[in-house]
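quick one, fold the following:
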Amino acid sequence: MKIAVVGAGSTYTPELIEGLIGISADILLDEIWLLDIPISERKFRIVGNLSERMLKKTGQQALLHRTYDARAALQNADFIIFQFRAGLLQGRIQDEKIPLEFGLIGQETTGMGGLACSLRAFPIIEKYVNLIEQTAPRAWIINFSNPSGTLTEFMVNHLRYERCIGLCNIPIEFVMEAAKAFACEPEQVFLKYYGLNHLSWVEKVHIQGQDRTSEMWDRFNLNMKNIPQSDYDPKFIAQLKLLPNPYLRYYYMTDRMLSAEIQERDSQGTRGEVIQRIEEQLLQLYSREDLDEKPELLSQRGGFMYSTVATGLMRDLALNRDTIHIINTRNNGAITHLPDDYILEIPARIRQNGPAPVPLGACHPATSGLIHTVKNVERLVITGYAEKRDDLIKTAMLIHPLGPKESHLEALWQRLQQANRAVMAAAE
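Purely as a prediction, here's the structure:
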């Protein structure tokens, strides 16, 4: 089996290598190809060297290749993992800072920052998918690049690349929290979990086939390292009767989250600036010739259980295990009154010929309006990009719940365009 990793200079890669080592008892890893771009040469070299030491320590026979040649990396691959960051870390920092200038939430996947990140990623995705169709048309694309749901929507419904699955680590955090709360194994947990990536809810919890939803409200306390520590009010959760994805704080608690972001920007820096510092510490650690395993510091980077999600999915696809994973894929009837072609984050049975969404019934009435609105934003942005129509992108900005008022729309759009031209030019 050949696995290609796009954006392999990421400091997450050692965790992915650890995950690949973990599934090597179940599937034969013949080749692992690490692909990046020359501007990331330092990170790529350091991360690649650590990856080699990790494989050598565990006696892996897989051949590790490092390259800037996308065609060589992708040729005849079985699985292709997208984990690149369009515009690099500087792009993320701008996604966080620019909306704040206009009194808006600044975040890399949500709101105007997520919109800008998508527009940077689309041409890169297009280039890779075109090459994959030529060189590895049967490959599964496993997408972790942000915003994962929007990019999966772009690949599956716009580029029509069917063998693509979007992933996020938050669903498995919910599963692990449920297993911990109910003292059971993760495999015994089933969640009625649905929505869009970073816009999702848990409506029901089943443990060993029994509905334990009524017990769950006091048992969950999920916080994410990428989000300022502002918890939902327990009374709000009890009234909503849903467990919201932590990223929904940006919608439900916009004032508090905006205040926290401004405070962070003016003190320790935005999350992206914090990660810049953590990454430099990680690279110093990774450079040590005696280090041959993932260091504990990586847990501060966010992306908890990233490798477990990605490598477990690849294993179960290859082995036709019919296990349930929560992934970004077409609805196909899982939520009865949402369109079948919506890319949703939902449970699906993983089979060799692809995911089969698990029927969940109707979604809670408190969720459907937001799902439709944000999906409409995604599709307007995709069409605006494809047709080179700024008016559609600006319409998407205007209707987004975290977007600008009309009076700031044009100024924000011009600011985003100016900044992202500079970011993309620096990354080329």
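
tell me which helix or strand Gly22 sits in.
In the assignment (DSSP states H and E), Gly22 maps to helix 13-23.

other SSEs contacting that helix?
strand 2-6, strand 31-35, helix 41-57, helix 306-319 (3 or more Cβ pairs under 8 Å, 6 or more residues apart in numbering; DSSP states H and E). C-beta coordinates here come from the backbone N, C-alpha and C atoms, glycine included.

could those be laid out in a markdown table, adding mean pLDDT, distance to Pro171 and mean neighbour count?
Shown next, in a markdown table, are those (pLDDT from 0 to 100; distance: least, Cβ to Cβ, whole Å; neighbours: other Cβ atoms under 10 Å):
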| stretch | mean pLDDT | distance to Pro171 | mean neighbour count |
| --- | --- | --- | --- |
| strand 2-6 | 98 | 22 | 26 |
| strand 31-35 | 97 | 26 | 22 |
| helix 41-57 | 96 | 26 | 18 |
| helix 306-319 | 93 | 8 | 22 |
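
okay but Ile371 is in contact with Leu199, surely?
Yes - in this structure Ile371 lies within contact range of Leu199 using Cβ atoms under 8 Å: 6.9 Å.

higher neighbour count, these two?
More neighbours surround Leu199 than the other of Ile371 and Leu199, with 25 against 20 (other Cβ atoms under 10 Å).

so that one sits against Arg249, correct?
No - using Cβ under 8 Å, Leu199 is not in contact with Arg249, being 11.4 Å away.

which residue is the nearest non-sequential neighbour of Met176?
Ranked by Cβ to Cβ, 6 or more residues apart in numbering and with sequence neighbours excluded, the top spatial neighbour of Met176 is Pro186, at 6.1 Å.

actually Leu115, not the one I typed
Nearest non-adjacent residue to Leu115, counting by Cβ to Cβ, 6+ apart: Val381, 5.9 Å away.

my guess is that neighbour meets Glu153, correct?
No - using Cβ under 8 Å, Val381 is not in contact with Glu153, being 9.5 Å away.

measure Gln281 to Ile275 for me?
In this view, Gln281 and Ile275 are 10 Å apart by Cβ to Cβ, to the nearest Å.

show me where the stretch 201-350 of the chain has helices.
213-216, 234-240, 249-252, 254-266, 271-286, 306-319 (DSSP state H, counting those that start in this stretch).

what is the rounded mean pLDDT of the second one?
If I follow you right, that is helix 234-240. On average, the pLDDT along helix 234-240 is 84.

and Glu410, how many residues sit next to it?
When neighbours are counted by other Cβ under 10 Å, Glu410 comes out with 13.

same check on Pro404?
For Pro404, using other Cβ under 10 Å, the count is 21.

pLDDT score assigned to it?
pLDDT at Pro404 comes out at 98.

picking that back up, who wins for proximity to Ile132 among the helices and strands packed on helix 13-23?
Nearest of the helices and strands packed on helix 13-23 to Ile132, taken as Cβ to Cβ: strand 2-6 at 9.2 Å.

about what we covered before: neighbour-wise, which of Gln281 and Ile275 wins?
Neighbours were counted for Gln281 and for Ile275 using other Cβ under 10 Å; Ile275 has more, 22 against 14.

ok, the more buried one touching Arg301?
Yes - in this structure, Ile275 is within contact of Arg301 by Cβ under 8 Å, at 6.6 Å.

coming back round to it: in TSV, list the helices and strands packed on helix 13-23 along with distance to Pro147.
Shown next, in TSV, are these (distance: least, Cβ to Cβ, whole Å):
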stretch	distance to Pro147
strand 2-6	16
strand 31-35	21
helix 41-57	22
helix 306-319	16
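
what's the closest of the ones you listed to Leu115?
Using Cβ to Cβ, the nearest of the helices and strands packed on helix 13-23 to Leu115 is strand 2-6, at 22.1 Å.

ok, and the closest non-adjacent residue to Gly113?
That would be Asp95: by Cβ to Cβ, 6+ apart, it lies 3.2 Å from Gly113.

now swap in Leu248 and tell me
Spatially, and ignoring its direct neighbours in sequence, Leu248 is nearest to Leu199 (6.6 Å; Cβ to Cβ, 6+ apart).
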